[in-house]
Structures are given as C-alpha cells and as structure tokens.
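**Student:** what's the 3D shape of this:
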Amino acid sequence: MTEALSERDRLKRAAALRAIEYVEDGMVVGLGTGSTATFVVAGLGARVADGLKIVGIPTSERTATQARGLGIPLATFAEHQRIDLTIDGADEVDPALRAIKGGGGALLREKVVAAASDRVCIAVDSSKPVIRLGRFPLPLEVLPFAGAWVARALAELGGTATRRLGADGSPFHTDQGNAIFDAAFGPIEDVRGLALRLSQVAGIVEHGLFLDEIDMVFIGRPGGVEVRRRDAAS
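**Tutor:** This is a model prediction of the structure:
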C-alpha cells in the first residue's frame with residue numbers, strides 16, 4: 001500500500017510537477033537534491049518512461065541513484081559543460097528570488113550546477129517563501145580540518161554554528177567528504193554583505209546563499225501553484 005502524502009508533500013509535488021513542464025526533448029537537466037527534488041526526479045522519470053529524451057546531471061549521489069533507478073540517463077561535466085535547465089528545491093526564498101539552500105547536504109554541487117545552467121527553477125511548498133532570509137539556519141560546506149576555526153569565525157560574524165550530524169548521530173559528510181555547519185544568524189539584513197564575508201573565511205568551501213542564480217520559483221499552495229519570475233521580482 002502506498003503511504004499517503006502529507007499536505008506539505010502534496011504541495012511540494014504540485015510545485016515539482018509544474019516546474020518539470022518546462023523540460024523539453026533534448027535538454028541537459030540539472031537534478032537537485034532534497035525532499036522536493038525527489039518529486040522532481042520522480043516526475044521526470046515518468047516522462048522519460050513516456051518517451052522524453054533528456055540527460056541529467058545530478059547534484060548528489062543520492063539523486064543519481066534515484067535517477068538511475070527511474071531510467072533517466074545521466075552525464076557529467078566531462079560530456080556537457082552547459083546545462084539547459086536545473087530544477088531544485090530550497091529551504092527559504094525571498095521576494096527577490098534569493099534563497100537559502102543546503103538542507104539536503106549538497107549545496108556545493110548545487111551551486112556548481114546552478115552556475116553552469118542557462119535557467120534555474122526552484123520548486124517549494126508554501127512554508128518556504130519569507131520576507132527576509134534567515135529563519136532557516138544557513139548551511140555551509142566546510143573543510144573538516146578547519147571546523148573549529150570556522151566556528152570561531154562565524155561567531156565573530158554573529159552566527160551560532162552547529163555541525164550537522166547524520167541519522168546515526170555521527171558527523172555528516174557531503175559527497176566531497178566535507179562537513180556541513182548550520183549557522184543561525186537570525187533575519188539577515190545584508191544578504192550580499194554576509195555572502196561576501198563568508199566567502200572570505202578560509203575553510204568555508206561554499207555557503208548556501210543563492211543570490212542571482214534563480215530565474216523562476218514555483219510555490220505549491222492549497223489553491224494551486226504560484227509562479228514567480230526574476231524579471232517580475234527585479
């Protein structure tokens with residue numbers, strides 16, 4: 001028996017299915033990571049089974065495993081240096097289409113894939129839009145060697161950092177072998193300023209602030225899917 005979806009998962013799935021309508025034959029598609037991206041990959045798998053011809057570039061080994069199981073052909077940057085469209089989720093998104101990402105533990109790969117994409121679409125449920133980023137702790141991918149130093153540097157920036165643990169209670173590691181620190185800053189008044197300061201901290205491989213990468217956001221709401229576009233947000 002198939003387990004019934006929660007209301008939030010139904011909204012995530014609705015947003016994901018709306019976003020994949022923009023996927024066309026022949027595209028190279030970036031495949032995100034996280035709970036909403038799981039619905040994206042499942043929807044694309046169904047379309048591939050119906051004859052859609054695409055190639056996917058996954059942002060994590062977890063996503064790659066799901067995609068292979070659904071028969072979605074995969075590639076790497078060795079075959080394709082440009083991606084037509086990436087579809088992913090987000091932990092928060094503001095009215096300017098800036099987002100916090102990394103809750104799924106793949107923010108470095110997500111940032112690389114987004115940078116290589118002609119368009120980036122984000123699918124979220126109605127709990128994710130915010131007026132100001134910072135309600136969700138900001139994920140940071142960190143060299144394990146530099147963990148204590150980075151935690152000190154984050155405290156000097158006004159953040160409280162917690163190293164993420166896996167389901168078994170041991171330290172979580174990304175596919176690159178890095179640690180994830182979740183830094184609570186509270187409401188972020190100067191998003192670009194914080195992004196710049198974080199990029200200057202030695203040991204932080206990447207931060208989860210996505211400022212200019214996102215072109216469209218699909219928000220699953222009880223009454224339907226709301227679509228926000230960068231040209232309307234700017």
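
**Student:** look up phi and psi at Leu140.
**Tutor:** phi -130, psi 130 (degrees, to the nearest 10).

**Student:** would you mind measuring from it to Gly51?
**Tutor:** Distance of Leu140 to Gly51, given as C-beta to C-beta, to the nearest Å: 41 Å. Yep, even glycine has a C-beta here, placed from its N, CA and C like the rest.

**Student:** of the two, which one has the most company?
**Tutor:** Leu140 (28 against 7; other C-beta atoms under 10 Å).

**Student:** so where's this protein shaky on pLDDT?
**Tutor:** 1-3, 233-234 (pLDDT under 70).

**Student:** let's see that with 50 instead.
**Tutor:** 1 (pLDDT under 50).

**Student:** what does the top strand by length along it rub up against?
**Tutor:** Longest strand in the chain by number of residues (criterion: DSSP state E): strand 117-125. Residues outside strand 117-125 that contact it (C-beta atoms under 8 Å, 6 or more residues apart in numbering): 8-9, 11-12, 15-16, 18-19, 22, 30, 36-37, 39-40, 82-90, 93, 97, 99, 114, 213-220.

**Student:** now the strands for the protein?
**Tutor:** Using DSSP E, strands in the chain cover 28-31, 55-58, 83-88, 92-93, 99-100, 117-125, 138-142, 160-163, 179-184, 204-207, 209-210, 216-221, 224-229.

**Student:** distance to Ala148 for these - can I get that in JSON lines?
**Tutor:** What follows is the strands of the chain, written out as JSON lines (distance: least, C-beta to C-beta, whole Å):
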{"stretch": "strand 28-31", "distance to Ala148": "34"}
{"stretch": "strand 55-58", "distance to Ala148": "32"}
{"stretch": "strand 83-88", "distance to Ala148": "31"}
{"stretch": "strand 92-93", "distance to Ala148": "28"}
{"stretch": "strand 99-100", "distance to Ala148": "24"}
{"stretch": "strand 117-125", "distance to Ala148": "33"}
{"stretch": "strand 138-142", "distance to Ala148": "10"}
{"stretch": "strand 160-163", "distance to Ala148": "10"}
{"stretch": "strand 179-184", "distance to Ala148": "11"}
{"stretch": "strand 204-207", "distance to Ala148": "13"}
{"stretch": "strand 209-210", "distance to Ala148": "23"}
{"stretch": "strand 216-221", "distance to Ala148": "36"}
{"stretch": "strand 224-229", "distance to Ala148": "40"}
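
**Student:** out of these, which comes closest to Glu110?
**Tutor:** Smallest distance to Glu110 across the strands of the chain (C-beta to C-beta): 6.1 Å, for strand 83-88.

**Student:** list the strands paired with the closest one, with their directions.
**Tutor:** strand 28-31 (parallel), strand 117-125 (parallel) (DSSP bridges).

**Student:** go through the helix of greatest length in the chain and flag the buried ones.
**Tutor:** Criterion DSSP state H: the longest helix present in the chain is helix 35-49. For helix 35-49, the neighbour count (16 or more other C-beta atoms under 10 Å) marks 36-45, 47-48 as buried.

**Student:** one more: stretch 53-61?
**Tutor:** Per 16+ other C-beta under 10 Å, stretch 53-61 contains these buried residues: 54-60.
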